[in-house]
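Undergrad: turn this into a structure:
(one chain, ligands or ions: 1)
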Amino acid sequence: MRTLIAGNWKMNPPGLAGAEALARALRLSAARAVDLLVCPPFTALASVAALLRGTGIALGAQDCAATGEAGGAHTGEISAAMLRDLGVSHVILGHSERRAHQAESDATVRAKAVAAAAAGLIPLVCVGETEAERRAGRAQAVVAGQLAGSLPDGFSGIIAYEPVWAIGTGLTPSAGEIAAMHAAIAADLATRFPARAAALPVLYGGSVKPGNAAEVLALAHVGGALVGGASLVAEDFLAIAAAAR
Ligand code: 13P
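TA: Model (predicted):
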C-alpha cells in the first residue's frame, strides 16, 4: 500500500483565490513516491478540481449528506453523488470537529459512509479520543467504540486516528502511543474485516508537521497522515510528503 498524505483544509483558505493559489502551488510539485489527497471546502472543489486535473493529486470533500438519495428535499445538504460529479474521489467523515460542533454521532457517520460508498466515493472516517478520555486510560476503548459504531459492515475505505487533543495544538502523542493505538486499530480491523483489513489504510492526524512527519510515518501500521494546518502551506505539505519513506 502506498503512503497517503491527505490535507484537510477545513474552512480555509478564507477566499477562493487562496484555495486556487494553494492548488497551483501543489500542481508544481515533482513526481512523488506517495499518494496525495487534498480536501478543500465545498465552495472551492470545482476550481481545485480543474486546477489539479491530470496531476495525480486526488480530491476529497470534508463531509457529505447521510441520505443515499442523489437529490431530494434536503436543504443545505450536498449528496455524495453531487461530489462525485465534481471529480471528488474521497470524503472525510466524522471529523472530531463535526462530532463536537455538529453533534455527529457514530450512527450518522456510518450512514454517511454507506451513502459515500454507494456513490462510488472512498470514505475517510475519523476517530480519536479527547484529552480527558486519554487521561482516564480510556483512549483505546473510545476509539474501538467509534470504529464499531462508525464503520458499516463491508467497509472499504480509509481510517484516520486523530486524537482530539493533538488537533491544532502542536501537541502529539509519543511515538509509542501512536504505535500502540495503530496496532490496536489494526487488530480491531483484522477481527471485523478479516478479508480486507490489510487493504484499509490507517492515517495518523494531529499536529503533523514537516519536523515530525518522518518519525510518525515510519511507525508500523501508520499508512499516512491527515494534515490540517500544515496542509495550508504547499511547501510544508510537500515536505511532509517527502518525509515518507
Ligand atoms: P492539525 O494538523 O492542524 O493539527 O489538524 C489535524 C486535523 O484535524 C486534520 O483533519
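
Undergrad: what about the closest residue to the ligand within the chain, how many neighbours?
TA: Scanning the chain for the residue nearest the ligand gives Gly228, at 2.2 Å (criterion: Cβ to the nearest ligand atom). For the C-beta atoms, the positions are set from N, CA and C on the backbone; glycine is no exception. Gly228 has 20 neighbouring residues, counting by other Cβ atoms under 10 Å.

Undergrad: also Val216?
TA: 26.

Undergrad: about what we covered before: enumerate every residue touching the residue of the chain closest to the ligand.
TA: By Cβ atoms under 8 Å, 6 or more residues apart in numbering, the contact list for Gly228 reads Asn8, Lys10, Ile167, Gly168, Gly205.

Undergrad: only the buried subset of the residues you listed, as a PyMOL command please.
TA: This is how PyMOL selects the buried members of those, with burial counted by 16 or more other Cβ atoms under 10 Å:
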select buried, resi 8+10+167+205
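
Undergrad: show me which of the contacts of Gly228 neighbour the ligand.
TA: Contacts with the ligand are made by Asn8, Ile167, Gly168, Gly205 out of the contacts of Gly228, judged by Cβ under 6 Å from any ligand atom.

Undergrad: okay, and which of the residues you listed map to helices?
TA: Among those, no residue falls in helices (DSSP state H).

Undergrad: ok, those vs Arg192, which is closest?
TA: Of all these, Gly205 has the smallest distance to Arg192: 21.5 Å, by Cβ to Cβ.

Undergrad: identify the bridge partners of the closest one.
TA: Counting by DSSP bridges, Gly205 forms beta bridges with Leu226.

Undergrad: my read: it touches Leu226, true?
TA: Yes: at 3.4 Å, Gly205 and Leu226 qualify as touching, with contact defined as Cβ atoms under 8 Å.

Undergrad: where do the helices sit along the chain?
TA: Counting by DSSP H, the segments of the chain that form helices are 16-27, 45-52, 80-85, 96-101, 106-118, 131-135, 139-150, 175-192, 210-217, 234-243.

Undergrad: turn the ones you listed into JSON lines, including mean pLDDT and distance to the ligand.
TA: Output for these, formatted as JSON lines (pLDDT from 0 to 100; distance: least, Cβ to the nearest ligand atom, whole Å):
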{"stretch": "helix 16-27", "mean pLDDT": "97", "distance to the ligand": "15"}
{"stretch": "helix 45-52", "mean pLDDT": "98", "distance to the ligand": "17"}
{"stretch": "helix 80-85", "mean pLDDT": "98", "distance to the ligand": "18"}
{"stretch": "helix 96-101", "mean pLDDT": "98", "distance to the ligand": "7"}
{"stretch": "helix 106-118", "mean pLDDT": "98", "distance to the ligand": "14"}
{"stretch": "helix 131-135", "mean pLDDT": "98", "distance to the ligand": "14"}
{"stretch": "helix 139-150", "mean pLDDT": "98", "distance to the ligand": "15"}
{"stretch": "helix 175-192", "mean pLDDT": "98", "distance to the ligand": "14"}
{"stretch": "helix 210-217", "mean pLDDT": "98", "distance to the ligand": "11"}
{"stretch": "helix 234-243", "mean pLDDT": "96", "distance to the ligand": "10"}
